[in-house]
Every structure is written in structure tokens, then in C-alpha cells.
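Enquirer: 3D, please:
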Amino acid sequence: MSIRVIVADDQAPTREGLRLLLSSEPDLEVVAVAADGLQVVEMARRHRPDVVLTDIRMPRMDGLTAIRDLLALAPAPAVVALTTFDLDEYLFGALQAGAVGFLLKESDPNLILDAVRVAHEGQGLVDPQVTPRLLHRFAATSPRPATDDMSTLTPRETDVLRHLAAGNSNAEIAQALVISPGTVKVHIERILAKLGLRTRVQAALYAHRHGLITWADLP
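Expert: The predicted model follows:
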């Protein structure tokens with residue numbers, strides 16, 4: 001079955017360009033386009049997409065608010081944020097709001113396609129152009145004390161979270177821990193539930209904040 005996608009951007013040429021790009025792929029189906037934040041939420045209620053690719057700066061309702069409203073839907077789509085401006089406030093705002101990916105509009109088209117596909121699989125993708133800033137920000141931040149929620153994780157879940165924070169895919173985590181990818185997926189679902197998080201990107205940020213992984217541990 002095709003991955004159902006909604007595209008939201010207040011610029012008509014950008015909307016059409018993204019629609020054409022996604023529609024050119026046999027496994028992707030653009031079920032609607034939206035010109036602002038209010039419209040994308042309404043379209044998502046009506047069409048129930050698997051993935052929403054949304055701009056952050058939009059009229060009537062900004063993209064960050066739209067992301068939160070989209071994730072409050074049942075079922076909630078995976079959201080990939082897209083922007084012309086690689087500002088930290090947009091990057092961190094989008095990820096903290098629950099976006100599973102963050103791309104620049106100048107990103108390679110293949111990267112945009114990959115981001116939609118991995119979002120549908122429950123994983124995340126951040127544009128390599130901004131990833132170093134993301135990691136350096138956490139490298140410069142002193143770890144916070146572990147929370148009570150952290151104590152609810154099993155040793156295996158903690159190992160999975162550490163690998164996830166290092167940027168490893170489910171397959172790579174499975175290989176490193178000698179377990180199946182399906183088991184990794186179950187562990188990640190339990191980690192998110194225990195920590196009160198929505199996405200694996202938020203889980204990775206959590207791990208960095210609480211000292212489970214440091215800059216020196218990263219490749």
C-alpha cells in the first residue's frame with residue numbers, strides 16, 4: 001500500500017514542487033496539500049495521512065503549533081518539518097513538538113523522499129547540514145540528573161536507548177545487541193511510553209540531556 005502524505009507550505013510553487021516530487025514515486029501518494037497551519041490540521045482530520053510534510057513558517061497557524069495539533073489526532077501522522085531557515089529555534093522547536101524529522105527546503109530531493117519513508121517506519125531523519133549543530137549543542141550542555149522515569153527502564157532498554165541516541169537504526173541496534181529488529185522496535189515503544197515521549201528523536205535528545213551518551217561517544 002502507498003504511504004499517504006499531506007504537503008503543507010504557504011508558497012504555491014513549493015507546494016507544487018513537493019507534490020510532484022512525492023507523486024513521482026510509486027510507493028507515495030499525496031492525498032492533499034495545504035497552504036497554512038489551520039488547513040493542514042483540517043486536511044489531516046479528513047484524509048488521515050501516514051506522514052505530513054509541513055513548513056514551519058505559515059500564516060494563520062505556525063508550523064510548530066500545527067505539529068502539536070497534528071500529533072493530538074487519533075491516529076496521529078508522523079510529521080517531518082521543512083523550512084528555508086535553519087535556525088536553532090525552528091530545529092529544536094520542531095523536534096520538541098514531536099516532529100520525527102527536520103529538513104531544509106534546499107535538501108536533496110532524495111533526502112526528502114527518504115525522510116518521508118523512514119518517518120512512516122517510525123524512525124527519524126535530520127538534515128546532515130544541521131545535525132552537527134544539534135550534537136554540538138548537547139555536547140556543550142552539562143547532563144541533567146537522571147529522572148525517576150529513567151529508573152523504570154530495564155538494563156536492556158537503557159542499552160537500546162544509548163544506541164538510538166548514537167544515531168543507529170533498528171537494524172544496527174539489533175546487530176549490536178544480538179536481538180531481532182522486531183524486538184528493538186518493541187523496546188523503543190516501551191522506552192517512549194515509560195519516558196512520556198512521542199518520537200525516537202525526542203528519546204535521543206533525552207539520552208543526551210541525561211548523560212547516557214556524550215559527544216566523545218559519537219562517531
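Enquirer: what's the nearest residue to residue 76 once chain neighbours are set aside in contact with, if anything?
Expert: The shortest distance from residue 76 to any non-neighbouring residue, by CB to CB, 6 or more residues apart in numbering, is to residue 70 (6.5 Å). C-beta coordinates here come from the backbone N, C-alpha and C atoms, glycine included. Residue 70 makes contact with 40-41, 44, 52, 54, 76-77, 79 under the criterion CB atoms under 8 Å, 6 or more residues apart in numbering.
Enquirer: same thing but 6 Å
Expert: With CB atoms under 6 Å, 6 or more residues apart in numbering as the criterion, the residues that contact residue 70 are 44, 52, 77, 79.
Enquirer: Among these, which one is most surrounded by other residues?
Expert: residue 52 (31 neighbours; other CB atoms under 10 Å).
Enquirer: and the helix or strand where that one lies, average pLDDT?
Expert: Element membership for residue 52, per DSSP states H and E: strand 51-55. Mean pLDDT, strand 51-55: 95.
Enquirer: Name the surrounding residues that touch that strand.
Expert: 5-9, 40, 63, 70, 77-80, 82, 116, 119-120.
Enquirer: The same query, at a cut-off of 8 Å, please.
Expert: 3-11, 14, 18, 22, 34, 37, 40, 44, 63, 66-67, 70, 77-83, 112, 115-116, 119-120.
Enquirer: That one: partners in the sheet, and parallel or antiparallel?
Expert: Paired neighbours of strand 51-55 in the sheet (DSSP bridges): strand 3-8 (parallel), strand 78-83 (parallel).
Enquirer: ok, of those strands, where does mean pLDDT dip lowest?
Expert: Looking at those, the weakest mean confidence is strand 78-83, a mean of 91.
Enquirer: next SSE after that strand?
Expert: Per DSSP H and E, the helix or strand that comes after strand 78-83 is helix 88-97.
Enquirer: In contact with the residue most central in space within the chain, which residues?
Expert: Closest to where the C-alpha atoms of the chain average out (CA atoms, centre = their mean) is residue 100, at 0.7 Å. Shown in contact with residue 100 (CB under 8 Å, 6+ apart): 78-80, 118-119, 122-125, 199-201.
Enquirer: All the strands of the chain, residue numbers only.
Expert: 3-8, 28-34, 51-55, 78-83, 101-104, 125-126 (DSSP state E).
Enquirer: Can you convert these into a markdown table and add a column each for distance to residue 195?
Expert: As requested, the strands of the chain are exported to a markdown table (distance: least, CB to CB, whole Å):
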| stretch | distance to residue 195 |
| --- | --- |
| strand 3-8 | 27 |
| strand 28-34 | 31 |
| strand 51-55 | 23 |
| strand 78-83 | 18 |
| strand 101-104 | 20 |
| strand 125-126 | 20 |
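Enquirer: right, so of these, which gets closest to residue 194?
Expert: strand 78-83 (20.6 Å; CB to CB).
Enquirer: Can you give the distance of that closest one from its chain's centre?
Expert: 7 Å (CA atoms, centre = their mean, to the nearest Å).
Enquirer: Stretch 112-124 too?
Expert: Distance, centroid of stretch 112-124 to centroid of chain: 8 Å (CA atoms, centre = their mean).
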